[in-house]
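**Q** How does the following fold in three dimensions:
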Amino acid sequence: FRNRGPQLDCQLCSCSIPNNDTSIRSHVHGHCKTLMFICKLCQKGFQDQHLVFEHIDREHPTHKGTKLIEDRRDMGLLMEVLNQCFPRVICKARDILFEAIGRIITLTESKKQTKINCLLCGEIVPTIKSCIYGHLSIHPSYK
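**A** Residues are numbered from 1 along each chain as shown. Model (predicted):
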């Protein structure tokens, strides 16, 4: 997730947009300086797909369909711009949890322990990262 809120703030232009796929795609396309969709009938270029469909409906009303559109999107460039506009949010709580589990494993390895007791429910849990993390799923407030 980039952000779970209803709006996203672009880090390139400070514009606030709705947090949905269509708005994000359109906004990212706006930052790209290349024409990503080309009308094959007249070679006119557009930054967004809906614009080329509108163009075809208006300028070439007797023609229909996606076969009239050339898609020249550069996915590498789009991903780069997406990450510049809306960098991924790193979940600090999850990082803290992974660090804590890592410390537990290091400590139990140094003491040659293969199992630990859960202080919340008393269950005996193997000292394997996946087992400890999996056990936490029965304690939702600690995930």
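
**Q** okay, and for this protein, where does confidence drop off?
**A** Within the chain, the ranges that satisfy pLDDT under 70 run 1-4, 89-93, 140-143.

**Q** Specify the residue ranges that define each domain of the protein.
**A** Listed by automatic domain parsing, the domain ranges of the chain are 7-85, 92-142.

**Q** Dump those into TSV; add mean neighbour count as well.
**A** C-betas here are computed from N, CA, C, even on glycine. Listed next are the domains of the chain as TSV, based on neighbours: other CB atoms under 10 Å:
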stretch	mean neighbour count
domain 7-85	14
domain 92-142	12
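
**Q** And the helices in this protein, which stretches?
**A** Along the chain, the segments classed as helices by DSSP state H run 21-31, 49-59, 75-85, 92-110, 129-136.

**Q** gap between the residue nearest to residue 30 when sequence neighbours are not counted and residue 28?
**A** Nearest non-adjacent residue to residue 30, counting by CB to CB, 6 or more residues apart in numbering: residue 47, 6.4 Å away. Applying CB to CB, to the nearest Å, the value for residue 47 to residue 28 is 10 Å.
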